[in-house]
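*Asks:* Quick one, fold the following:
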Amino acid sequence: MNRIKAYRAGIAAVILIVSQWACQAPLSPPATATPAATRTAHPTATVSATEVAYLAAIARMSDDEIMAGIQTSLDKYAEAHKNNDPELLETVVDQQNKPLRRVVRNRFNDFQASYQAGDAEVHFEVIEIIRREYGFVLAHFARDDGYEGEWSFRYVDGRWVISEPSVEQIGRPVWTETDHFSFTTYPWADDVNPFIMELMDTARENVEAILGKVPAQKVKVVIMPIYGLYPLNPTNFAAGYWQGVEPRDDEIQIYIPYSFPFQYYDSELGWDGELRQTLTHEYTHLTHTRSFDNAGVSAEGLYEGLAEYVAGVQENSLQACDAMANGTMIPILDETTDTNPQDLMHMYQLEENFGLSYRFAASLVEFTIENYGGLEGYWKLAKTLDKTGDFKEAVQEAFGISYDEYNQQWQTWLKGKC
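*Replies:* Below is the predicted model:
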């Protein structure tokens, strides 16, 4: 789905005057949902005389002028990544927005620590723009590798920089109850909120169809228009599941597709297809926790790999195979050290290629399910690991083969996926 076209066809077909936007009530939730109480509101944004002058200046710019300025910034963004130039990166990021600066810089650092750094040269092309409230402009762009993205920009000191609204500007939060979820949404994203709520239901159905059961609990879901809403969040996810002490405290957080944390989406899948997979991944984690007693969760590769498997991300094994063919391998077990192992069983402490580790973990789970009894084989390995506390012993007991043989079989299977 092209979100900008959906936006133009939906509630935001007319850009609201800033003063009207600042005082209007949150828009109504979808007709299929039952409204509930509104949570404590964030302060309403105000507009200064300086901002009024700024908005007037933006209004005088043509769309072509704005697109050209954003294109220049995206060119510099790509150049900064290619040449590992953090100073150039800073010139295209809103320096007044500290949370956004943090997520942009951390993702830049992650890329520079990945196997792709120095080899990948990506070009961006602005396709279209939407003028939004408070002088923000939403740019829809394509990359030459088949991915697209939609980010917000703001005009600062003569250039268009990657930015996002403040907490005050995104509007008052609204709490909406449905059959399976309690949603918190914000008016800034009311053009996509109903679609994301539907995708959350689809994710639940996908998990139930593959794993056979899902929790009965109603889950809290926060649809977040900006990173600055929770500025202490990790910087490397588009959606996340947070386990509470009790099931009622569990929460899934989702960044909207035109926020910087969402990053890019496959142009063939569209943002909705990409997000459907992501939400299926996160709901798999919740189901793993609440319906399968966290079996095997100590092995982080099994935990994340299952979520990717259920989400149906087809390119996982191909990308892992490609990385292995190019000399980058993340092993099941790192047997060179006892203090800081760099392997799939300890994914969360990897010092580099963390994103790639999901590909290897997914391939390991796919291999296990395909060759050792389907999902029953996966759960058998997971439960045996809980009992033995040792992955090698668990493989031997669950499948009757040594870890070395299992490891070799996986790598041979993976080589055939390229």
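*Asks:* make it CA atoms for all contacts and neighbour counts henceforth
*Replies:* Fine.
*Asks:* remind me which residues of the stretch 51-200 of the chain are low pLDDT?
*Replies:* Within the stretch 51-200 of the chain, the stretches with pLDDT under 70 are 118-120.
*Asks:* mind listing the strands for it?
*Replies:* 124-131, 137-143, 147-156, 159-162, 174-177, 181-185 (DSSP state E, counting those that start in this stretch).
*Asks:* can I get those in a markdown table with distance to Glu366 and mean neighbour count?
*Replies:* Shown next, in a markdown table, are the strands of the stretch 51-200 of the chain (distance: least, C-alpha to C-alpha, whole Å; neighbours: other C-alpha atoms under 10 Å):
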| stretch | distance to Glu366 | mean neighbour count |
| --- | --- | --- |
| strand 124-131 | 34 | 18 |
| strand 137-143 | 30 | 22 |
| strand 147-156 | 25 | 22 |
| strand 159-162 | 38 | 24 |
| strand 174-177 | 36 | 20 |
| strand 181-185 | 30 | 21 |
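*Asks:* Out of those strands, which gets nearest to Lys415?
*Replies:* strand 147-156 (25.6 Å; C-alpha to C-alpha).
*Asks:* pLDDT value on Pro225, please?
*Replies:* The model reports Pro225 with a pLDDT of 98.
*Asks:* need the contact list for the closest residue in space to it that isn't next to it in sequence.
*Replies:* In this structure, Pro225 finds its nearest non-sequential neighbour in Ile256, 5.4 Å apart by C-alpha to C-alpha, 6 or more residues apart in numbering. Ile256 makes contact with 189, 192, 223-226, 262, according to C-alpha atoms under 8 Å, 6 or more residues apart in numbering.
*Asks:* Which of those residues sits closest to Ala80?
*Replies:* Phe262 (19.8 Å).
*Asks:* what about that closest one, distance to Met224?
*Replies:* Here Phe262 is placed at a distance of 10 Å from Met224 (C-alpha to C-alpha, to the nearest Å).
*Asks:* What number of residues are in the vicinity of Val219?
*Replies:* Val219: 22 surrounding residues under other C-alpha atoms under 10 Å.
*Asks:* May I have the phi/psi pair for the residue lying closest to Asp144 once chain neighbours are set aside?
*Replies:* Computed as C-alpha to C-alpha, 6+ apart, the closest residue to Asp144 that is not its neighbour in sequence is His123, at 5.7 Å. Taking degrees, to the nearest 10, you get phi -110, psi 140 for the backbone angles of His123.
*Asks:* so His123 makes contact with Arg143?
*Replies:* Yes: look at His123 against Arg143 with C-alpha atoms under 8 Å: they come within range, at 5.6 Å.
*Asks:* Rebuild the contacts of Ile256 as a markdown table, extending it with secondary structure, distance to Leu333 and neighbour count.
*Replies:* Shown next, in a markdown table, are those (DSSP: H, G, I helix; E, B strand; the rest coil; distance: C-alpha to C-alpha, whole Å; neighbours: other C-alpha atoms under 10 Å):
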| residue | secondary structure | distance to Leu333 | neighbour count |
| --- | --- | --- | --- |
| Ala189 | helix | 43 | 21 |
| Val192 | coil | 42 | 21 |
| Ile223 | strand | 37 | 21 |
| Met224 | strand | 36 | 25 |
| Pro225 | coil | 38 | 29 |
| Ile226 | coil | 37 | 26 |
| Phe262 | helix | 31 | 24 |
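*Asks:* Show me which of the residues you listed is closest to Gln409.
*Replies:* Nearest to Gln409 among these, with distances taken as C-alpha to C-alpha, is Phe262, at 35.4 Å.
*Asks:* what sits against the closest one?
*Replies:* 237-238, 255-256.
*Asks:* same check, this time on Ala394
*Replies:* Contacts of Ala394 by C-alpha under 8 Å, 6+ apart are 381, 384-385, 388.
*Asks:* what helix or strand is it on?
*Replies:* In this assignment (DSSP states H and E), Ala394 forms part of helix 391-399.
*Asks:* tell me the mean pLDDT for stretch 355-368?
*Replies:* pLDDT averaged over stretch 355-368 gives 94.
*Asks:* For it, buried residues please.
*Replies:* 356-368 (16 or more other C-alpha atoms under 10 Å).
*Asks:* Let me have those residues in TSV, extended by secondary structure and distance to Ile70.
*Replies:* TSV is the format used below for these (DSSP: H, G, I helix; E, B strand; the rest coil; distance: C-alpha to C-alpha, whole Å):
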residue	secondary structure	distance to Ile70
Leu356	helix	30
Ser357	helix	33
Tyr358	helix	32
Arg359	helix	33
Phe360	helix	36
Ala361	helix	37
Ala362	helix	37
Ser363	helix	38
Leu364	helix	41
Val365	helix	42
Glu366	helix	41
Phe367	helix	44
Thr368	helix	46
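*Asks:* now, among these, which is nearest to Ala49?
*Replies:* The nearest one, if we look at those relative to Ala49 and count by C-alpha to C-alpha, is Leu356, at 48.2 Å.
*Asks:* Alright, calling it a day.
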